[in-house]
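S.K.: have a look; sequence and predicted model below, questions after that.
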Amino acid sequence: MFEDCVPEWTNPSKNPDCVLIGGWTVWSQPTTCSNSCKSTRTRTCTNPMPINSKECEGQGSETSACNGGDCPSTTSGTIQSTNFPSNYPDKEDTTFPIVVVAGSTITLTFTDFDLEPEAACGYDYVKVLDTDGVTQLKKLCGSSLPSPINRVTKYED
C-alpha cells in the first residue's frame with residue numbers, strides 16, 4: 001500500500017515512488033559581529049524536506065566579514081572645544097555628530113574636562129544624545145573627569 005506524497009506523512013521506505021526535491025528555507029538574520037569580525041547566517045533544507053531525493057544543493061551556513069558588534073575598530077578621533085586648551089568662547093553652542101556603522105560600539109573617553117560647575121548643568125555642559133538625537137544619555141558639567149561612556153548603536157531593521 002502506498003501513501004500520498006506529503007512531506008509530513010511520507011515514510012520514504014514505504015513509498016519509493018514519492019520523490020520531493022528539497023528546498024532551502026530563507027536565510028536567518030546574521031549573528032552579531034564577532035571579535036574576529038565575522039558574522040554567520042544559516043538556512044535549512046526543509047522547504048520542503050527532500051524525500052527519496054538528494055539534499056538541497058549549496059551550503060546551509062554562510063560566514064562573511066562584518067564590522068560593529070564585538071569587532072574591534074581601529075577608528076578613533078579627538079573632539080575638543082574651540083580654543084582648547086584655553087577657555088572656550090562665551091555663548092558657544094557646538095554639535096559634534098558621530099556616525100558609525102549600525103551595531104558598532106562607541107566609547108567616549110574624556111582626557112580633560114573643565115566646564116563651569118552648576119548643580120543642574122544649566123549653563124555650560126556636554127550633552128551626549130542617542131542616535132535618535134533626542135534621548136539624552138549623559139549631561140556633564142564641572143571639572144571632574146567623567147567615566148567613559150559606552151554605547152552600542154542599533155541595527156537597522
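M.R.: That came through, no problem.
S.K.: so which elements touch the helix or strand of the chain with the lowest mean pLDDT?
M.R.: Ranked by mean pLDDT, DSSP states H and E, the weakest helix or strand in the chain is strand 149-152, scoring a mean of 81. The contact analysis (3 or more Cβ pairs under 8 Å, 6 or more residues apart in numbering; DSSP states H and E) places strand 149-152 against strand 105-108, strand 136-140. For the C-beta atoms, the positions are set from N, CA and C on the backbone; glycine is no exception.
S.K.: which strands or helices does the helix or strand just after the first one pack on?
M.R.: Under the assignment DSSP states H and E, the closest C-terminal helix or strand after strand 105-108 is strand 126-129. Using 3+ Cβ pairs under 8 Å, 6+ apart, the elements in contact with strand 126-129 are strand 136-140.
S.K.: just the CA trace of the strand it packs on, in PDB.
M.R.: The C-alpha trace of strand 136-140 is given here as PDB (Å, rounded to 0.1, in the frame of the first residue of the first chain):
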ATOM      1  CA  GLN A 136      19.800  62.000  26.500                       C
ATOM      2  CA  LEU A 137      22.500  59.500  27.600                       C
ATOM      3  CA  LYS A 138      24.500  61.900  29.700                       C
ATOM      4  CA  LYS A 139      24.700  65.600  30.600                       C
ATOM      5  CA  LEU A 140      28.000  66.600  32.100                       C
END
